[in-house]
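Here is the input, now give the coordinates:
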Amino acid sequence: MKEKYPIIGDIRGPALAIGIELVKDRETKEPAIEEAHRVVNLGMERGVMFGITKYARMGNTLKIKPPLVVTDDEVQKALSVFEECISRVS
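Sure thing, here's the model as predicted:
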């Protein structure tokens, strides 16, 4: 998705604990704070909870932290909802 959506600046994290940084511009790395909050709200409307990191008051890094007992179907739903939300916000 990073290649498809320029709003995704960076993806990082161990295993299933994933942080997805949203930026307005990949060159300047300007944080996309409002867009991140919109993704969280759109996800909630669709039944998927995404967290948001407030590190250094940035608020532009989305958190995906599923439980250890997550199923393949649940992962696919979360990714599908995430892509739908990113697509709408982009």
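
Strands of the chain, start to end?
Along the chain, counting by DSSP state E, strands occupy 8-12, 18-25, 30-31, 51-53, 61-64.

Quick check: which of the ones you listed has the most neighbours on average?
strand 61-64 (a mean of 21; mean count of other C-beta atoms under 10 Å). All C-beta atoms are positioned from the backbone trio N, CA, C, and that covers glycine.

ok, Met49 to Lys4 distance?
Computed as C-beta to C-beta, to the nearest Å, the Met49 to Lys4 distance reads 23 Å.

Then Val70?
Taken as C-beta to C-beta, the span from Val70 to Lys4 is 24 Å.

And the pLDDT at the spatially most central residue of the chain?
Closest residue to the average C-alpha location of the chain: Leu62 at 4.0 Å, with C-alpha atoms, centre = their mean. Note on Leu62: pLDDT of 96.

Please list all residues in contact with the residue nearest to it when sequence neighbours are not counted.
The shortest distance from Leu62 to any non-neighbouring residue, by C-beta to C-beta, 6 or more residues apart in numbering, is to Ile20 (4.5 Å). Ile20 makes contact with Ile8, Asp10, Ile11, Thr61, Leu62, Lys63, Ile64 under the criterion C-beta atoms under 8 Å, 6 or more residues apart in numbering.

neighbours around the closest residue to Leu16 other than its chain neighbours, how many?
Sequence neighbours aside, Pro66 is the residue nearest to Leu16 in space, at 5.4 Å (criterion: C-beta to C-beta, 6+ apart). Neighbours of Pro66 under the rule other C-beta atoms under 10 Å: 16.
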